[in-house]
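# okay, here's the prediction I keep looking at, along with the sequence it came from:
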Amino acid sequence: MTPGDLTGKYAGALTIGRVATPLGALIMVTDATGGLMASEYADHEDRLHRLLSRRIGPVDLRPGAIPPRLAAAVEAYFAGDLAATDRIPVRLTGSPFQNLAWAALRRIPPGRPVTYGEQALRIGRPGAARAVGHANGSNPFNLILPCHRLVGADGALTGYAGGLERKRWLLDHEARFAAPGGCHSKASPHRQMAARSAGQIPRPPALSGRPRQGVCAAKESMMTDKNTAALDFLATRLSQPAKMFRPPVPSRDELTAMLQLALRVPDHGKLEPWRLIVLERSDFTRLADLVEARAKELGADAEKLEKGRGQYDRGHLAVVVISAPKASDKIPLEEQVLSAGALCMSLLSVATASGWGANWLSGWPAHDAVFRARAFGCEGAETVAGIIHIGTAAHVFPDRPRPDLARVVQWGLGPK
């Protein structure tokens, strides 16, 4: 038997046991050689017995301990080693199509969910999206064969035997730990998640409201030390289209922690030439109505009206960064405005590094003096530097071409 193998053969009596996880106890059924016959969360144990009987008939399950290497693999997965569960040998005993669909689940990279239609193409069955969905609805290896990585055609979270909250949690967990070079790309056991309050599905560790030692680093280092993880993040950072964002969004505590980090920008001797407004779902409806009223006052056409209200109609959470220059004999207006722009970029990066989708937008209403006065109370020289939308990205889009350095960079001043 090879670690991680997928076969339809199993041997000997079957043993049933449990392993603790941050999402509740996971029941695992194994054969005499340690091959996995089924896995399911304890609150859905009836499903485990039903699917197992359907596949192999009546069975006598003997209570016992889970093989240590299987338990260790599950614990390692929740500690951040996302490939750990792929090393668990699985006994496939479904129909030929089910076995094909289930085996293919391990080929979906963590942090990169695919649609049922895309998965159908991957297994050579184009047009069989419904069949793929049906097969994975009967997946008897919850968590171990990751059907939670399948999403609807529009990126929406669809049915999951363990419950949508668990599916959301797992996708969030994988997105954070799978980030190339990210601070959780290689996690140790001390990073295992602990359940929060009773009855709640926990999230992976969020940044706390105060600085922590060792964030994104395995050791303390001086600022002069090279931070490879940070460089890797900057090399792969991507903004995602705000119109594709879905709930969940950061909690107030999570957003507060992100804002505290984002404020670490040049503030010109504590001049702090900016202010922030957090927009929650109820605020967007009001803003969309203000956009429509202003568009009608300006005699705007339907296209401009729709484009203006678009980001507010679809918004779930955003932070408005207001450039608020202060009277100063030392710091010119231009530098104060640039400070607000730096804050926008800082918040965008912090949100992305925290595992959320983030997008920096503005739009014509934000640049209209009347609208920004009504909507955000802007006065005098105050302007909107940017509106940073934050949420769960329904799709992860590929990188786009980046600027050609030879075209935009000049080395030296050239001849006199």
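That came through, no problem. Numbers count the residues shown, from 1 in each chain.

# next, count neighbours for the closest residue to R372 other than its chain neighbours.
In this structure, R372 finds its nearest non-sequential neighbour in C378, 4.3 Å apart by CB to CB, 6 or more residues apart in numbering. Yep, even glycine has a C-beta here, placed from its N, CA and C like the rest. Residues lying near C378 (other CB atoms under 10 Å) number 21.

# pLDDT wise, what is C378 at?
Looking at C378, its pLDDT stands at 96.

# for S251, same thing?
90.

# surely the residue nearest to R372 and V384 touch.
Yes - using CB atoms under 8 Å, C378 is in contact with V384, at 7.2 Å.

# residues that sit against both of these two, list them.
322, 372 (CB atoms under 8 Å, 6 or more residues apart in numbering).

# for the protein, which segments are assigned as helices?
45-56, 68-79, 96-104, 116-122, 129-137, 164-178, 228-236, 252-262, 281-297, 302-313, 333-353, 369-376, 405-408 (DSSP state H).

# so which of these comes closest to T33?
helix 68-79 (11.6 Å; CB to CB).

# beta partners for G357?
G391 (DSSP bridges).

# now do it against R314, distance only.
In this view, G357 and R314 are 13 Å apart by CB to CB, to the nearest Å.

# same question for W360.
Applying CB to CB to W360 and R314 gives a distance of 16 Å.

# repeat that for D81.
36 Å.

# repeat that for I387.
Taking CB to CB, one finds I387 at 12 Å from R314.

# now E379. Nearest residue, chain neighbours left out?
In space, E379 is closest to A373, 7.0 Å off (CB to CB, 6+ apart).

# quick check, pLDDT for the one you found.
97.

# just D225 next, same as before
pLDDT at D225 comes out at 68.

# and if you look at A198?
Reported pLDDT for A198: 30.

# low-confidence ranges, the protein, go.
1-12, 179-225, 395-397 (pLDDT under 70).

# quick check: neighbours shared by G357 and R314?
Contacts common to G357 and R314, judged by CB under 8 Å, 6+ apart, are 242, 245.

# ok so, going back, and the gap between the residue nearest to E379 and K226?
47 Å.

# what distance do you get for P241 to V370?
28 Å.

# burial measure for A71, as a count.
Counted with other CB under 10 Å, A71 comes out at 17.

# ok, the one 4 residues further on next?
Residue crowding around E75 was assessed by other CB under 10 Å; the count is 16.

# next: A358.
Neighbours around A358, by other CB under 10 Å: 26.

# can you tell me the closest non-neighbouring residue to it?
Leaving aside its sequence neighbours, A358 sits nearest to A351 (CB to CB, 6+ apart; 3.8 Å).

# doesn't H389 make contact with the one you found?
No - with contact defined as CB under 8 Å, A351 does not count as touching H389 (9.1 Å).

# need the residues touching each of the two.
A358.

# how about stretch 26-45: buried residues?
For stretch 26-45, a neighbour-count test (16 or more other CB atoms under 10 Å) marks 26-31, 34-41, 44 as buried.

# for stretch 226-245, same thing?
With the criterion 16+ other CB under 10 Å, stretch 226-245 contains buried residues 229-230, 233, 239-240, 242, 244-245.

# where's stretch 78-89 relative to the chain centroid, distance-wise?
19 Å (CA atoms, centre = their mean, to the nearest Å).

# could you do stretch 262-272 as well?
So, by CA atoms, centre = their mean, the centroid of stretch 262-272 is 29 Å from its chain's centroid.

# compute the first-to-last residue distance for it.
Length of stretch 262-272, first residue to last, CA to CA, to the nearest Å: 13 Å.

# render the CA-only coordinates of stretch 31-49 in PDB, please.
In PDB, the C-alpha atoms belonging to stretch 31-49 read as follows (Å, rounded to 0.1, in the frame of the first residue of the first chain):
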ATOM      1  CA  ASP A  31      -9.700  -1.100   7.000                       C
ATOM      2  CA  ALA A  32      -7.100  -3.500   8.500                       C
ATOM      3  CA  THR A  33      -4.200  -2.000   6.500                       C
ATOM      4  CA  GLY A  34      -5.000   1.600   7.500                       C
ATOM      5  CA  GLY A  35      -6.800   2.500   4.200                       C
ATOM      6  CA  LEU A  36      -9.600   5.000   4.600                       C
ATOM      7  CA  MET A  37     -13.100   3.800   3.800                       C
ATOM      8  CA  ALA A  38     -15.000   6.900   4.800                       C
ATOM      9  CA  SER A  39     -14.800  10.200   6.700                       C
ATOM     10  CA  GLU A  40     -17.500  12.500   7.900                       C
ATOM     11  CA  TYR A  41     -18.100  15.200  10.600                       C
ATOM     12  CA  ALA A  42     -19.600  13.700  13.700                       C
ATOM     13  CA  ASP A  43     -22.800  15.800  13.400                       C
ATOM     14  CA  HIS A  44     -23.400  14.000  10.100                       C
ATOM     15  CA  GLU A  45     -22.600  10.500  11.200                       C
ATOM     16  CA  ASP A  46     -25.900   9.100   9.800                       C
ATOM     17  CA  ARG A  47     -24.700  10.200   6.300                       C
ATOM     18  CA  LEU A  48     -21.400   8.200   6.800                       C
ATOM     19  CA  HIS A  49     -23.300   5.000   7.600                       C
END
